[in-house]
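1. coords below, sequence missing:
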C-alpha cells in the first residue's frame, strides 16, 4: 500500500512538473523572450563598457614618473664605474676592484653594499657612497636639463605620452557619451521588455512587443570619428655632422637613366647593360657634394682634446686617470651645450687614434683658445701631469716648455726670488664675463631660479678648494677665485627674481627630483 501511494505521488508530480517545464521551455524559445534576452544582455554590456571607460579616464601621473626613471636608469647604465675616479678617496684601483666583481656601470653601483667587495672596508665604502651620490646628482642635473641623449629622448617620449594620453581620454569620453545616447534610445524598449513574463505567456496574454520591433536589429553604439590629433612637437637633437662618401650623399638632383627600350636588343644586351651602368655612375658622380657643417665650438673641443692627450702621452703611455682628467675638462668647458656634450666621447676616441706631436698640438690649442684662457689651459696641463702621482722627468720638462708658451708670466714668477713682491699672475684670470657664460647657460635659455641654482651647485662642486689643495697652493687659490666668480654670477642672475642663492629649508624627498621647467613643459 505504501509503495502504491509513493508511485501515485511520483506520477502526480511528473504530471505537474513536466508540463510546467515544457511550457517554460516554450516561453524561452518564443520570439518575444529571445528578443528580451538580447536586449538585457546588450544593456549589461553597455553598462560594463561604460564602467571601464570611466575607470580609465585619467591615467595616474606615476606613469610619467616611471618613464623618467627608466630613461634615467638607461643614462646611468651607459656611464662606466670610472666616472667615480677623481672623487675624494676614489682612484683607478678602487674602480678596478668594482669592475672585477661585475660592477660595470654607475647604475650597477646604486644600492650595492661596497663592503662586500674584497679589499673595501667601512671607510672606503663610505667614500664610495659619497662619490656615487655626487655623480648621480650631477647626472640628474644633466638629465633634467636635457644635456644628455637620454634626457632628450625622455622629453620626446614624454611629449608623445602626453599627446597620446589626451587623445585616449577624448576618445573614451566620446565613446561614453555615445553609450549614454544609445541607452537613452533603448529606455522605452526596456519598459516593453519588462512586460514579457512567463505568467503572461501561460495566460496567452499579448507580449506587447510589436512584430516590427521583434524583426528589427537592436540599436548599436555609433561612436563619432575624432579628427586626427596634431603631431606632438618633439624636440629632436640637432643632426651630427658625419662625412659620407660621394655615392651616399643625397641631393635634390634626380638620377636620369636612359629610357628602357621597348624591344630588347637580341645581340647587344651586354652593351646595353654596360651603357646603363656607365650612365648611372656618371649621374651619381655629378651630384654636388654638400659640405658638412660642424657645430660651433667642435673645432675648439678637438684642439683641446689633442693637446690634453698629447700631454698625457708625454711619458710614453696614457693612464686611465689622465684620460679622465682630459674628459672632465672637456665636460667642464662644453657640458652646458646640449649639442657639443654628445661629441665629447666621440672626439676623445677619434683623437686617441692619432695623437699629434707636441708642436702640432701646441699650435692647434694656441689657435683655438683666447689669450685670456691660456693660463687656465696651463693649470689643466698640471692637473693632467699630477693625475697619476709624482711627475717624472719627461712630464717636468714638458711643463717647463708649455709654461713658457701658455703662461709666460707664471714662468717668470717661478724664476724670480721667492720673496719677490711681483703681483700674482693668477689674479685677474677670471675677468668679468657674462654671468650666463660663466654658469654655462645658453643665451637663448629661459632663466629660472631652479636652473640658476642647479648650474651653480654643479659647477661649484667641481671647484672644491679641498680637492684643488692637493695639487698645490696655486690651484687652491685658483679654485677659490673661480668659485667666488660663480657665486657673484649666480647672485647677479637671481636679482630679478628676488631669491637668495641658497634655497631655504629645502625638504629632502625620496621621490623623483622636482623640476618646474619640465613640469611646465609637459603640463604636470
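-> Nice, thanks for sending it over. Source: prediction; values computed, not measured.
2. Low-confidence stretches in the stretch 151-300 of the chain?
-> 204-208, 210-215, 219, 221-294 (pLDDT under 70).
3. Let's see that with 50 instead.
-> The stretch 151-300 of the chain contains residues with pLDDT under 50 at 232-258, 260-270, 272-273, 276-277, 280, 284, 287, 290-292.
4. any weak-confidence spans in the stretch 401-524 of the chain?
-> 416-432, 506, 508-514, 516, 518-524.
5. can you pull out the helices in it?
-> Along the stretch 401-524 of the chain, counting by DSSP state H, counting those that start in this stretch, helices occupy 408-415, 435-438, 449-462, 465-469, 473-494, 516-522.
6. From residue 406, how far off is residue 141?
-> 31 Å (Cβ to Cβ, to the nearest Å). For glycine as for every other residue, the C-beta is placed from the backbone atoms N, C-alpha and C.
7. quick one, which of these two is more surrounded?
-> More crowded of residue 141 and residue 406, by other Cβ atoms under 10 Å: residue 406, with 25 against 19.
8. Verify the stated contact: the more buried one with residue 381.
-> Yes. With contact defined as Cβ atoms under 8 Å, residue 406 counts as touching residue 381 (7.4 Å).
9. what residues go with each domain of the protein?
-> Domain segmentation of the chain under automatic domain parsing yields 62-147, 298-415, 435-503+517-522.
10. residues in contact with residue 490?
-> Taking Cβ atoms under 8 Å, 6 or more residues apart in numbering as the criterion, residue 490 is in contact with 435, 439, 452, 453, 455, 456, 501.
11. of all these, which two lie farthest apart?
-> Greatest spatial distance among the contacts of residue 490 (Cβ to Cβ): 435 and 453, at 13.5 Å.
12. tally of neighbours for residue 313?
-> Neighbourhood size, residue 313 [other Cβ under 10 Å]: 17.
13. can you check the one 10 residues further on too?
-> Neighbour count for residue 323, taken as other Cβ under 10 Å: 20.
14. Nearest to residue 150 among the contacts of residue 490?
-> residue 455 (19.3 Å).
15. from what I can see that closest one touches residue 436, true?
-> No. If you go by Cβ under 8 Å, residue 455 and residue 436 don't touch, sitting 9.5 Å apart.
16. what about those two, which has more around it?
-> More neighbours surround residue 455 than the other of residue 455 and residue 436, with 23 against 19 (other Cβ under 10 Å).
17. Skipping its backbone neighbours, what lies nearest the more buried one in space?
-> residue 439 (4.5 Å; Cβ to Cβ, 6 or more residues apart in numbering).
18. what about the longest helix in the chain?
-> Using DSSP state H to define each element, the chain has its longest helix at helix 149-194.
19. other SSEs contacting that helix?
-> Under the contact definition 3 or more Cβ pairs under 8 Å, 6 or more residues apart in numbering; DSSP states H and E, helix 149-194 sits against helix 31-55, helix 62-77, helix 122-145, helix 516-522.
20. I'd like the next helix or strand past it.
-> Downstream of helix 149-194, the next assigned helix or strand under DSSP states H and E is helix 198-202.
21. Any buried residues in that next one, and which?
-> For helix 198-202, the neighbour count (16 or more other Cβ atoms under 10 Å) marks residue 201 as buried.
22. Burial check on residue 380, number of neighbours?
-> Counted with other Cβ under 10 Å, residue 380 comes out at 23.
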